[in-house]
Structure formats: C-alpha cells, structure tokens
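Colleague: Predicted structure and sequence below. I'll ask about it afterward.
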Amino acid sequence: MEWIASPEAWAALVTLTAMEIVLGIDNVVFISLLVQGLPPHLALRARQIGLSAALVMRIALLFALSWLIGLKEPVLSAFGYAFSWRDLILIGGGGFLIAKATHEMHATVEGEDEFEEEMSLGERARRSFFLLVGQIVIIDIVFSVDSILTAIGMAEHVEIMVTAVIIAVGIMFIASGPLSAFIAAHPTTKMLALAFLVLIGVTLVADGFGVHVPKGYIYAAMAFSVTVEALNVAATGRRRRRAEARKSKA
C-alpha cells in the first residue's frame, strides 16, 4: 500500500476515476433505457444487478490482466482484416446495441403489439425483468472489456485501478436512478438516448474493424444534443406553466 503516500498515485487515481465515469456513461444510458417499462421496485433491482455485475466483471478483468492483454492478439482473419477477441467482442456488442436501440425506436413509434397488451401486468413485468437483466449482463461484458483495456497503462498498481472502478460504478449507480426518472418524465429524451446508443454501437463496430473514432468527438456531440434537449424541455415546461396560469385566472 506504499502508493497511498505517492502524489503521482493519487493523480492517477483521480484521472482514472474520471475516465471510468466518462466511459460508464454509455452503460448508464443503456440500463436507464432498459428499465423504463418495469415497476419501480423491479427497475431498482435491475439497476442494482446490472451495475453490480459491471463492478464484478471490471474487478475480475483487472486481476486477469495477462489474459485480458492477450485478447488483443489476432485470432481470425476475414475480409482482409485480422480480428482479435477484443475486436469480435466490440463488433458483437456494437451490433447488439444497434439492433436493440433500433428495436426500441420502432416500439416507441409504433406502440406495444397486441400480444404485449393482452399479457397481465405482473406476467409482463416478470418476463421483462429476466430478459432485461440478461441484456444488461451482455452489454456489461462489452463495456467492461473496453473500459479496462483503456485503463491498462494509466496506473502502475492494480489497487488504484480497482479503487477507481469502485468509485466510478458507485457514481454510476447514483446517477442511474435520476436519469431513469428524467427519461420517464420527458419522453422525447428517450429517442435522443436511443440515438446515442446507435451512435455508440456504430463506433464500437468501427473500432472492432480497426477504425478508431476519438470518443471526445462522440461525447462532445452527445453533450451538445443534451444541452439543446434541456433547453427544449425547459421551454416546454415554461409554456405549460403559463398556459395553466392563464386557465386558472380565467
């Protein structure tokens, strides 16, 4: 534990924690969207299970660094590309994100199908819960591999990386509840969040094919879109309050 007395180690911890939080934004958005259709108690449980799985996977990967680094070695050649296990995981995870987000967009626009409407609320909730937990675990694997591979080399001590991951996942859990509530209260933000997931999925697939897109560009675009949507939500709320005030006076 000598690193505790080292200013460089603390600087690495702060930097690594910040990076893990930024990389965890994708995970939080995905989980927050998935739990929208669940009752509050099941939504909370799904978030707990999903983020707990993310924490366990990240820590397990940190203690298997030699195996994890080996994921970058080519194992398959096709279409003129040499793919490693990391590439295949990113391509598969990115494809899953694109397909899931597109399906959710279609369901949002078209509404629930007749079969879903005929199911009892309890049956639908139980079915959705186990299905969503499975999807959360799958995407946790993708984001965990990407996150930890990015973190390798930023700190000399595994203890620092584990501490950063624990802090980041804790902040992700705190943020996931308010984010889910905000998306539920403002339905237009759901489509924006789904568009983010499609964008993230495309960048993961591109990265798997060796085309690296700097994440700063992606997060800058997301921040700009969120700012515009926040202004739109604020303007809509103000118009609603004014209309209600006029009605009360009349």
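Modeller: Cool, the structure landed.
Colleague: CA only for contacts and neighbour counts going forward, please
Modeller: Will do.
Colleague: which residue sits closest to R47, ignoring its sequence neighbours?
Modeller: I31 (6.7 Å; Cα to Cα, 6 or more residues apart in numbering).
Colleague: and the gap between the one you found and L97?
Modeller: 12 Å (Cα to Cα, to the nearest Å).
Colleague: Name the nearest residue to I171, ignoring sequence neighbours.
Modeller: Nearest non-adjacent residue to I171, counting by Cα to Cα, 6+ apart: I21, 7.5 Å away.
Colleague: The one you found sits in which helix or strand?
Modeller: Under the criterion of DSSP states H and E, I21 resides in helix 7-34.
Colleague: How many neighbouring residues does S180 have?
Modeller: 24 (other Cα atoms under 10 Å).
Colleague: can you pull the contacts of the nearest residue to it once chain neighbours are set aside?
Modeller: Distances taken as Cα to Cα, 6+ apart put S32 closest to S180, at 4.7 Å, once the chain neighbours are dropped. By Cα atoms under 8 Å, 6 or more residues apart in numbering, S32 lies in contact with R47, S176, G177, L179, S180, I183.
Colleague: again with I136
Modeller: F30, I31, G50.
Colleague: what pLDDT does the last one get?
Modeller: In the prediction, the pLDDT value recorded for G50 is 81.
Colleague: okay but it is in contact with V137, surely?
Modeller: Yes - assessed by Cα atoms under 8 Å, G50 is found in contact with V137 at 6.2 Å.
Colleague: Report how many residues lie close to the residue nearest to I171.
Modeller: 21.
Colleague: what's the distance between it and A175?
Modeller: As defined by Cα to Cα, I21 lies at a distance of 10 Å from A175.
Colleague: try T17
Modeller: Taking Cα to Cα as the measure, T17 and A175 are separated by 15 Å.
Colleague: if you count what's nearby, which of these two comes out ahead?
Modeller: The neighbour comparison of T17 against A175 (other Cα under 10 Å) goes to T17, with 24 against 15.
Colleague: got the contact list for the more buried one?
Modeller: With the criterion set at Cα under 8 Å, 6+ apart, T17 makes contact with A164, V165, I167, A168.
Colleague: Please dump those residues into a markdown table; it should also carry neighbour count and distance to W85 for every row.
Modeller: Compiled in a markdown table, those are given as follows (neighbours: other Cα atoms under 10 Å; distance: Cα to Cα, whole Å):
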| residue | neighbour count | distance to W85 |
| --- | --- | --- |
| A164 | 23 | 25 |
| V165 | 29 | 23 |
| I167 | 18 | 28 |
| A168 | 22 | 26 |
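Colleague: now, which of the residues you listed lie within helices?
Modeller: Here DSSP state H is the test, and those give A164, V165, I167, A168 as lying in helices.
Colleague: So which of those is the closest to L42?
Modeller: Distance to L42, by Cα to Cα, is smallest for A168 among those, at 23.1 Å.
Colleague: Setting the sequence-adjacent residues aside, check what's closest to that closest one.
Modeller: Nearest-residue entry for A168: I21, 5.0 Å, with adjacent residues in sequence omitted and distances by Cα to Cα, 6+ apart.
Colleague: Tell me the pLDDT of that neighbour.
Modeller: Per-residue confidence for I21 comes out at a pLDDT of 77.
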